[in-house]
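# Quick one: sequence plus predicted model below, questions after.
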Amino acid sequence: MMESLELSRVLLLTSSLSLSLIPPTTKTIRQLGFRSLVKKANKYANLRLTRSFSGHTGNGAAHAASQGKGEDEMGLLLAREIDEFGSIVGFNLIPGSGKITEDATSNEVEVPEARGVEEHKVQARVSYSIVFVTAEAAPYSKTGGLGDVCGSLPIALAARGHRVMVISPRYIHGTPEDKKFSGAVDLDCRIKLYCFGAVQEVGFFHEFRDGVDWIFVDHPSFHRPGNLYGDKFGTFGDNQFRFTLLSHAACEAPLVLPLGGYTYGDKCLFLVNDWHAGLVPILLAAKYRPHGVYKDARSILVIHNIAHQGVEPAITYSNLGLPPEWYGALEWVFPNWARMHALDTGEAVNFLKGAIVTVDRILTVSKGYSWEITTSEGGYGLHELLSSRKSVLNGITNGIDENEWDPSTDKHIAYNYSADDLSGKVKCKISLQKELGLAERPECPMIGFIGRLDYQKGIDLIRMAIPEIMENDVQFVMLGSGNPEFEDWMRATESTYRDKFRGWVGFNVPVSHKITAGCDILLMPSTFEPCGLNQLYAMRYGTVPVVHETGGLRDTVQNFNPYAEGTNGEGEGEGTGWTFSPLTKESMLVALGYAIRTYNEYKSSWKGLMKRGMAKDYTWVNAATQYEQVIEWAFMDPPYC
């Protein structure tokens, strides 16, 4: 028996453990729930602990039996693992001089052969069955960052050994875009779901690509002209119905679809994205677990934009296929000032609110945004609820697709370049100036904007500041679509400043790459930005961002400091761009002025800014590692509901 437990380091007396031989050619060990390091030598056979022990961070209990070798020969050290907030999240087993591999009931991991190797360390990792539920996933469907995340993160997780399924609607618009689903085959599996007062029938299409099972829910409501959520007349009036179907179908898919010969089963992790998938954790708790199904599953809500919550009249609750007693989970009451008239009670159902109160953990797409949504300014009415669940709220910055966004291999830009050879960037700038009909002036700083033309992206701020920006010797190019008023303004501004300004109404992928590579400065005065991807693309291409200090922009862009210690030469200073706050025209113009002056007068500092931005690691591999940690935490406790 151990007489004491020191959290920082504990000696487990393995002399007390019963041991049995395993053939030396074995390739697997079993996971104890720790990140185990295995030490082996070729003159010893592998050994298995036939009796397991446990170490629980909650009560600090750890036990071992006692017989056999001495502690010096066979001791294991238990070192604590602490997260960024100082909390203990696990322990690491560090082998002593003995040659031990552990065995307990959990997932197997491959271990290299011991023969001819004096010492080899292996970090065991549990693999999970992960089910993404999302309204969009690139390249099949996309309107913004949600599509990018759900198109790239699943591939990164699959590459790390997890079994991954993505469930999204099969949108058919009657346009050439429909060919994006041409690789998906009908699984000939139609199921019946009860919601909206009737039995609804949906089918499933499947494509296995990049190690991921891409599942598309097929129903006539997803087959219509327009975009994913609406058309030229506005948002579709039946979106609640469409995404209720998606959530119900997503809960059935792991149980009924034999992908690769067998189903995902009911021990899986649901990653539900935004309000469109918000019913999933409620369905798990209200419809499945009372009957013993999904009792071992967990769910994580990923909030990409809290401004959209899926709010509909309270009377629609009866359409959702949920028991009456679960109404409180989705119940939402608007404050008096937000009601339409004196007889309006303000009662509604809120999909995102329902997900927040039932999921096991909550994620946002940056650390800054995870804090902002707990404030009255950034929480859009859900801040108090999110604050009450702050212990399970984390933020993970999105990654970028290195294959698509790499200046050394990008096929959309005129010349390729890298941090080691930046000569191609100025050539890209000249090529862009020529294509846009601007004067070919490599010495003139070029400012770019790429994004939706709406209030969130700060277009009104740019519109107010354009006369003063145009007083400088600069060129300005904008790419985007959205609010017709801003589109008309962009066209008018091009006519007014014909020799300095270009506005491209619409969205064009090759043009967005050319602007990212050809511009010197990227301007992002977003009112709020959960993560933001354009600033990450810009830094990777050596384009210096000037951004409003909010959400993911604050997390990813470090303000330039030319007086930082320990720097000189071409790397003079520190930082990757400029941030400004508060969100005013004057504040933005000051930051933009600093950028223009640095570009014109301090070339070595500018080159340092470019190279530091290009060296940043914002890959999906990095983000996927952090997602794994949160998934591990989700399985440490029983289901929240």
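Received it, and whenever you're ready, just let me know what you need.

# what element comes up after the strand or helix carrying residue 168 heading to the C-terminus?
Secondary structure from DSSP states H and E places residue 168 in strand 163-169. Next in sequence after strand 163-169, counting helices and strands by DSSP H and E, comes strand 185-186.

# Give me the contact list for that following strand.
203, 204, 205, 206, 207, 218 (Cβ atoms under 8 Å, 6 or more residues apart in numbering). Glycine gets a C-beta too; all of them are placed from N, C-alpha and C.

# Can you classify the second one by secondary structure?
The assignment at residue 204 comes out as strand when based on DSSP: H, G, I helix; E, B strand; the rest coil.

# could you list every residue that touches it?
Neighbours of residue 204 in contact, by Cβ under 8 Å, 6+ apart: 186, 187, 189, 215, 216, 217, 218, 249, 253, 257.

# so what's it bridging to?
Beta-bridge partners of residue 204, counted by DSSP bridges, are residue 217.

# Looking at the contacts of residue 204, which is nearest residue 546?
Within the contacts of residue 204, proximity to residue 546 (Cβ to Cβ) peaks at residue 216, which comes in at 39.7 Å.

# Neighbours of that closest one, how many?
Counted with other Cβ atoms under 10 Å, residues neighbouring residue 216 total 25.

# what's the spacing between it and residue 223?
12 Å (Cβ to Cβ, to the nearest Å).

# try residue 126
Distance from residue 126 to residue 223, by Cβ to Cβ: 40 Å.

# Those two: which has the busier surroundings?
residue 126 (17 against 14).

# can you count the residues close to residue 264?
23.

# residue boundaries of the strands in the stretch 401-550 of the chain?
446-450, 475-480, 501-505, 521-524, 544-548 (DSSP state E, counting those that start in this stretch).

# Reformat these as CSV; add distance to residue 171 and mean pLDDT.
Formatted as CSV, the strands of the stretch 401-550 of the chain follow (distance: least, Cβ to Cβ, whole Å; pLDDT from 0 to 100):
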stretch, distance to residue 171, mean pLDDT
strand 446-450, 24, 97
strand 475-480, 22, 96
strand 501-505, 24, 94
strand 521-524, 29, 98
strand 544-548, 32, 98
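
# how about those strands in CSV, adding mean neighbour count and distance to residue 385?
Converted to CSV, the strands of the stretch 401-550 of the chain look like this (neighbours: other Cβ atoms under 10 Å; distance: least, Cβ to Cβ, whole Å):
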stretch, mean neighbour count, distance to residue 385
strand 446-450, 24, 34
strand 475-480, 24, 33
strand 501-505, 20, 39
strand 521-524, 25, 29
strand 544-548, 27, 26
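
# export those to TSV and tack on distance to residue 139?
Below are the strands of the stretch 401-550 of the chain laid out as TSV (distance: least, Cβ to Cβ, whole Å):
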stretch	distance to residue 139
strand 446-450	18
strand 475-480	19
strand 501-505	22
strand 521-524	24
strand 544-548	26
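
# And those strands: which comes nearest residue 312?
Using Cβ to Cβ, the strands of the stretch 401-550 of the chain put strand 475-480 closest to residue 312, at 29.8 Å.

# Contact partners for residue 324?
Taking Cβ under 8 Å, 6+ apart, one finds nothing in contact with residue 324.

# nope, residue 563 is what I meant
By Cβ under 8 Å, 6+ apart, the neighbours of residue 563 are residue 573.

# The closest residue to residue 293 other than its chain neighbours in helix, strand or coil?
Here the nearest residue to residue 293 in space, its sequence neighbours aside, is residue 266; by Cβ to Cβ, 6 or more residues apart in numbering that works out to 5.3 Å. Taking three-state DSSP as the rule, one finds residue 266 in the coil state.

# Going forward, the N-terminal residue is numbered 57.
With 57 as the first residue, the last one maps to residue 322.

# Was I right to think residue 322 contacts residue 308?
No. Taking contacts as Cβ atoms under 8 Å, residue 322 lies outside contact range of residue 308: 10.9 Å.

# got the contact list for the strand holding residue 224?
By Cβ under 8 Å, 6+ apart, the list of residues contacting strand 219-225 reads 183-193, 196-197, 206, 210-211, 213-214, 267-273, 275, 278, 284, 298, 302, 305-306, 309-310, 315, 320.

# Need the buried ones from those residues selected in ChimeraX.
A single ChimeraX command is used to select the members of those judged buried by 16 or more other Cβ atoms under 10 Å:
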select :184,185,186,187,188,189,190,191,192,193,196,197,206,210,211,213,214,267,268,269,270,271,272,273,275,278,284,298,302,305,306,309,310,315,320
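
# From the contacts of strand 219-225, which land in strands?
185, 186, 187, 188, 189, 268, 269, 270, 271, 272, 273 (DSSP state E).

# Kindly reformat these as TSV containing distance to residue 458 and pLDDT.
As requested, those are exported to TSV (distance: Cβ to Cβ, whole Å; pLDDT from 0 to 100):
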residue	distance to residue 458	pLDDT
185	26	97
186	21	98
187	25	98
188	20	98
189	26	98
268	17	98
269	23	98
270	20	98
271	26	98
272	26	98
273	30	98
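
# Quick check: the gap between the residue most central in space within the chain and residue 199.
Closest residue to the average C-alpha location of the chain: residue 454 at 4.4 Å, with Cα atoms, centre = their mean. For residue 454, the distance to residue 199 equals 15 Å [Cβ to Cβ].

# Also residue 423?
Counting by Cβ to Cβ - residue 423 and residue 199 are separated by 25 Å.
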